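A.B. asks: Okay, predicted coordinates and the sequence, questions at the end:
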Amino acid sequence: MTCMELVGLNTKWYRYQNHMTQEQYANKTKFKMAYISVVETGNSNLTCKNIDLIAKSFGISPSLLFNEETAKLAKKLPTRLDMYKQKEA
């Protein structure tokens, strides 16, 4: 995994652990919702400042955003589409 993917997946992991939607998280951090999506998919080359902001928003050390184990767990989280399918069933 690249650093961008690690940070993205870990951002998704901690957001899910805090029971927040991307919209709620965007409101909390003042990032645009589209930016949160780009971060979580590993397509954003984040600055150190934004890594610090993400970590601070979750109350964690920035180094935890580079944890491969939680990133692997985040890959197993449902996508938005999967969540809608579950509600319909």
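C.D. replies: Nice, thanks for sending it over.
A.B. asks: Extract the residue ranges of the chain that are flagged as low pLDDT.
C.D. replies: Applying pLDDT under 70 to the chain flags the ranges 80-89.
A.B. asks: Kindly recompute the last result at 90.
C.D. replies: Scanning the chain for pLDDT under 90 picks out 78-89.
A.B. asks: Show me what counts as buried in whichever helix in the chain runs longest.
C.D. replies: What stands out as the longest helix in the chain, according to DSSP state H, is helix 3-17. For helix 3-17, burial by neighbour count (16 or more other Cβ atoms under 10 Å) applies to 4-15. Where C-beta positions appear, they are placed from N, C-alpha and C, glycine not excepted.
A.B. asks: Output these as TSV; include the columns distance to T47.
C.D. replies: Formatted as TSV, the buried residues of helix 3-17 follow (distance: Cβ to Cβ, whole Å):
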residue	distance to T47
M4	12
E5	17
L6	16
V7	11
G8	14
L9	18
N10	16
T11	14
K12	19
W13	21
Y14	19
R15	19
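A.B. asks: Tell me where this structure has strands.
C.D. replies: Shown for the chain, no strands are assigned by DSSP state E.
A.B. asks: can you pull out the helices in this protein?
C.D. replies: 3-17, 22-29, 33-40, 48-58, 68-75, 80-88.
A.B. asks: so T2 makes contact with T41?
C.D. replies: No - the criterion here is Cβ atoms under 8 Å, and T2 misses it with T41 at 11.7 Å.
A.B. asks: And the residue lying closest to N10 once chain neighbours are set aside, how far from K72?
C.D. replies: Distances taken as Cβ to Cβ, 6 or more residues apart in numbering place L65 nearest to N10, at 4.6 Å, with adjacent residues excluded. Applying Cβ to Cβ, to the nearest Å, the value for L65 to K72 is 14 Å.
A.B. asks: When the two are compared, which one has more neighbours?
C.D. replies: Using other Cβ atoms under 10 Å as the criterion, L65 and K72 rank with L65 on top: 24 against 13.
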